[in-house]
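S.K.: Pasting a predicted model and its sequence here:
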Amino acid sequence: ETGVTQTPRHLVMGMTNKKSLKCEQHLGHNAMYWYKQSAKKPLELMFVYNFKEQTENNSVPSRFSPECPNSSHLFLHLHTLQPEDSALYLCASSQYGAAKNIQYFGAGTRLSVL
Amino acid sequence: EDKVVQSPLSLVVHEGDTVTLNCSYEVTNFRSLLWYKQEKKAPTFLFMLTSSGIEKKSGRLSSILDKKELFSILNITATQTGDSAVYLCAVERGNQFYFGTGTSLTVIP
């Protein structure tokens, strides 16, 4: 148990569906992150939130829409995805500004787009 | 362009062997380097390195950073089957973390 919980663990969706991924952290951190992990590629940073404000958006297509209602919760809303979006989506949190800014990860959501 | 390169990409060893995993980086405004172990789920934190030449050690695992040559190594001695995983290296630069592709380690009984 890392203190970061992601749901659902697995998701299969069609290209016309709308779904949301949820992340919750119980570590009191002030920053949360979404990553995409594809086979044989480095983790790709998608979005960063500090104190509920989005600070990074690494050229992510608009079919991915993040939402951070508070410092403990992070959502990733998905719509009209493509098969190449199939991947493991990882959420992480950290204490930005601390001497030890260590990211702690959730178990991820394995997404398959048909 | 900021990047982190890990080598080898994969490694197969026998139980009891010692392995060395490499991580080189080119990241501006470097703050720290982190190592993670990823089995089938969440990457779990192993070490954080900020200063050159100071070894971090935890059981059979150890790691060291060279900020002049821009690399780090992760050593695992007396490997066990439970060490089988993907080992990720990341460089932190404030709000950005740059990851390598990882080294996949398989330990055969």
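M.R.: Good, I have the coordinates.

S.K.: What count of nearby residues applies to residue 26?
M.R.: All of this refers to chain A. Residue A:26 has 13 neighbours, counted by other C-beta atoms under 10 Å in any protein chain shown. (Glycine included, C-beta is placed from N, CA and C.)

S.K.: ah, I was thinking of chain B
M.R.: Applying the criterion other C-beta under 10 Å, we find 13 residues in the vicinity of residue B:26.

S.K.: does residue 47 sit in a helix or strand, and which one?
M.R.: Reading this off chain A. For residue A:47, the host element (DSSP states H and E) is strand A:44-50.

S.K.: you looked at the wrong chain, it should be chain B
M.R.: Applying DSSP H and E, one finds residue B:47 within strand B:44-49.

S.K.: Dig out what the closest residue to residue B:56 other than its chain neighbours forms beta bridges with.
M.R.: Distances taken as C-beta to C-beta, 6 or more residues apart in numbering or on different chains place residue B:47 nearest to residue B:56, at 4.5 Å, with adjacent residues excluded. Beta-bridge pairing of residue B:47 under DSSP bridges involves residue B:35.

S.K.: quick one: contacts for the residue nearest to residue B:43 when sequence neighbours are not counted?
M.R.: In this structure, residue B:43 finds its nearest non-sequential neighbour in residue B:36, 3.9 Å apart by C-beta to C-beta, 6+ apart. If you count contacts by C-beta atoms under 8 Å, 6 or more residues apart in numbering or on different chains, residue B:36 has them with A:105, B:43, B:44, B:45, B:46, B:87, B:88, B:89, B:90.

S.K.: and the third one, how many residues sit next to it?
M.R.: Residue crowding around residue B:44 was assessed by other C-beta under 10 Å; the count is 14.

S.K.: Give me the residue at the spatial middle of chain A.
M.R.: For chain A, residue A:34 is the residue whose C-alpha lies nearest the centre (C-alpha atoms, centre = their mean; 2.8 Å).

S.K.: where does that residue land on pLDDT?
M.R.: At residue A:34, the model reports a pLDDT of 95.

S.K.: For chain B, which residues are neighbours of chain A?
M.R.: Within chain B, the positions adjacent to chain A are B:4, B:31-32, B:34, B:36, B:41-45, B:48, B:88, B:90, B:92, B:94-102 by C-beta under 8 Å from any C-beta of the partner chain.

S.K.: Of those residues, select the buried ones using a PyMOL command.
M.R.: Remark: buried members of the residues of chain B next to chain A, expressed as a PyMOL selection using 16 or more other C-beta atoms under 10 Å in any protein chain shown:
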select buried, chain B and resi 4+32+34+36+41+42+43+45+48+88+90+92+95+96+97+98+99+100+101+102
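
S.K.: what's the weakest-modelled helix or strand in chain A?
M.R.: Using mean pLDDT, DSSP states H and E, strand A:53-57 stands out as the lowest-scoring helix or strand of chain A, at a mean of 76.
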